[in-house]
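# I would like the atomic coordinates for the input below:
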Amino acid sequence: MMVKLTARQRSQLPTCYYEGYLEKRSFRDKTSRKLWTCLCGNTLFFFNEKKDADYIDKVDLRGLVSITDDNSQDCNLDAARLNLQLKDENIRFTAPNAEARELWKGFIRSVAELSVPALLTLLPGQIHMLKETVEKEKARLNTSAHNSLTGDMPACFYRMTRLEAALLLEREAKRGNLLLRPGSIENTFAVTTRQDIEGSKISHYRVTPKQNGGFVIAVDVPVSCATLHDVINYLVENTDGVLTPLINEEIYEKNISFFRRDHENGEMTVQQAPTNLVPPSVPSRKDIPRIPTPEPPPKPTAQQHLYLNDKLEEQEKQTEDSAAAPLPQLENKTPKKAIMPPVAGPVPKPRKLTLSHSSTTPDQRNRALTNPRGQIPLAALSELKLKLAQKGQC
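Below you'll find the model as predicted:
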């Protein structure tokens, strides 16, 4: 009888190396069942359908003894059978064809033995896939303890002491009776359980990491597990479901609701936001008003400057040139008149010129013409009369 396991979904499983449909039949199975099988890490997980998230059964390959071909006849001529011998169980599988059987044998032995098996009828590309699987599985085992310490924890992990774990299980007895917590020694863990047997019975189990990866439940017969998730699964499965993990699931609302007050009577009512909102329709191109696009400025030619302040400099230069240039003379046809300053008092009478008889040089005569006293020398007067006489004869 298969029991549905919900401890981990497919998204929480280790890396999947190979998957496909297999018909599985073991001693406890009454009939064969075609199940979607995934080889994740060193464990085979079985799902009812390919799209299912929860697996219904699993097989740990660390107890592998051998895997051989089963040449018995099958109703499907293309099908190929194989036997998987474990330490405590023998399981029969039926692959879709002989090629799929060889691949399953190669992948199962690779993760169980951590080496590429020989004497397999596989192509070079398929052999390369097995080599990559071995390297990935080695890396996964080496880092499983580190991943557990950095957050890849089961949902029932709580950072608390032994006493706090016992009190929590007493208080939340209806929700679960098993939890994982840090151990008293560094880098170790412990599982605390509670059962009602004529009272409350609290038990603690130490879980220690292995040097080559994985964990061990430290009991009389040590139990090896690849991850802490497998530790919890082992305790749940091997107690027939009596032990159940204590998981504090956070509750989230499924509808968006809000309170609204009635303005007439003041009563508060609970309203729910609509969930089937229709997005606004996009208007057609015809309904959108067209905005004229401004014309781009003309591109500068080779003669134009690329700087905006060049035009300002040219204007300033023209202004300076015009200021420095002389003003144009306008033609005035009217006769010019002397402008006399205004006289405040009576006009003085002009002085009379008197002649002085003296012999002077030409320079002295010239200066005498501009004598400030208004006197003209006699030599200059004689010369002036002579010139006037000559003009009169002409």
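# what's the lengthiest helix in the chain packed up against?
Longest helix of the chain, by residue count under DSSP state H: helix 124-149. If you count contacts as 3 or more Cβ pairs under 8 Å, 6 or more residues apart in numbering; DSSP states H and E, helix 124-149 packs onto strand 16-26, helix 98-113, strand 215-217. All C-beta atoms are positioned from the backbone trio N, CA, C, and that covers glycine.
# right, so of the ones you listed, which gets closest to A155?
strand 215-217 (17.0 Å; Cβ to Cβ).
# residues of the closest one that come out buried?
Residues F215, I217 are the ones in strand 215-217 that count as buried (16 or more other Cβ atoms under 10 Å).
# So which helix or strand of this protein has the lowest pLDDT on average?
strand 355-356 (a mean of 48; mean pLDDT, DSSP states H and E).
# so H229 is in which element?
H229 belongs to helix 228-237 when assigned by DSSP states H and E.
# related to what we said a few turns ago, restricting the selection to alpha carbons, write the helix or strand that the longest helix of the chain is followed by to PDB.
The element immediately downstream of helix 124-149 (helix or strand, assigned by DSSP H and E) is helix 162-171. Output in PDB follows, covering the C-alpha atoms of helix 162-171 (Å, rounded to 0.1, in the frame of the first residue of the first chain):
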ATOM      1  CA  ARG A 162      15.600  21.300  24.500                       C
ATOM      2  CA  LEU A 163      13.200  22.700  27.100                       C
ATOM      3  CA  GLU A 164      11.600  25.200  24.700                       C
ATOM      4  CA  ALA A 165      11.000  22.400  22.200                       C
ATOM      5  CA  ALA A 166       9.300  20.300  24.800                       C
ATOM      6  CA  LEU A 167       7.100  23.200  25.900                       C
ATOM      7  CA  LEU A 168       6.100  24.000  22.300                       C
ATOM      8  CA  LEU A 169       5.100  20.400  21.600                       C
ATOM      9  CA  GLU A 170       3.000  20.400  24.700                       C
ATOM     10  CA  ARG A 171       1.300  23.600  23.700                       C
END
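# which residues sit in contact with S224?
Neighbouring residues of S224 by Cβ atoms under 8 Å, 6 or more residues apart in numbering: R62, K210, G214, F215, V216.
# now it, which residues is it bridged with?
V216 (DSSP bridges).
# Next one: it from A100, what distance?
30 Å (Cβ to Cβ, to the nearest Å).
# list the buried ones in the helix holding H229?
Buried, per 16+ other Cβ under 10 Å, within helix 228-237: L228, H229, D230, V231, I232, N233, Y234, L235, V236, E237.
# Equivalent analysis for stretch 169-181, please.
L169, G176, N177, L178, L179, L180, R181.
# So which of these is the closest to L120?
Distances from L120 to those, taken by Cβ to Cβ, are shortest for L180, at 39.8 Å.
# can you list the domains in the chain?
10-147, 162-237 (automatic domain parsing).
# Kindly reformat the ones you listed as JSON lines containing distance to Q390.
Converted to JSON lines, the domains of the chain look like this (distance: least, Cβ to Cβ, whole Å):
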{"stretch": "domain 10-147", "distance to Q390": "138"}
{"stretch": "domain 162-237", "distance to Q390": "144"}
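# Go through those domains and name the closest to G266.
Per Cβ to Cβ, nearest to G266 of the domains of the chain: domain 162-237, 40.9 Å.
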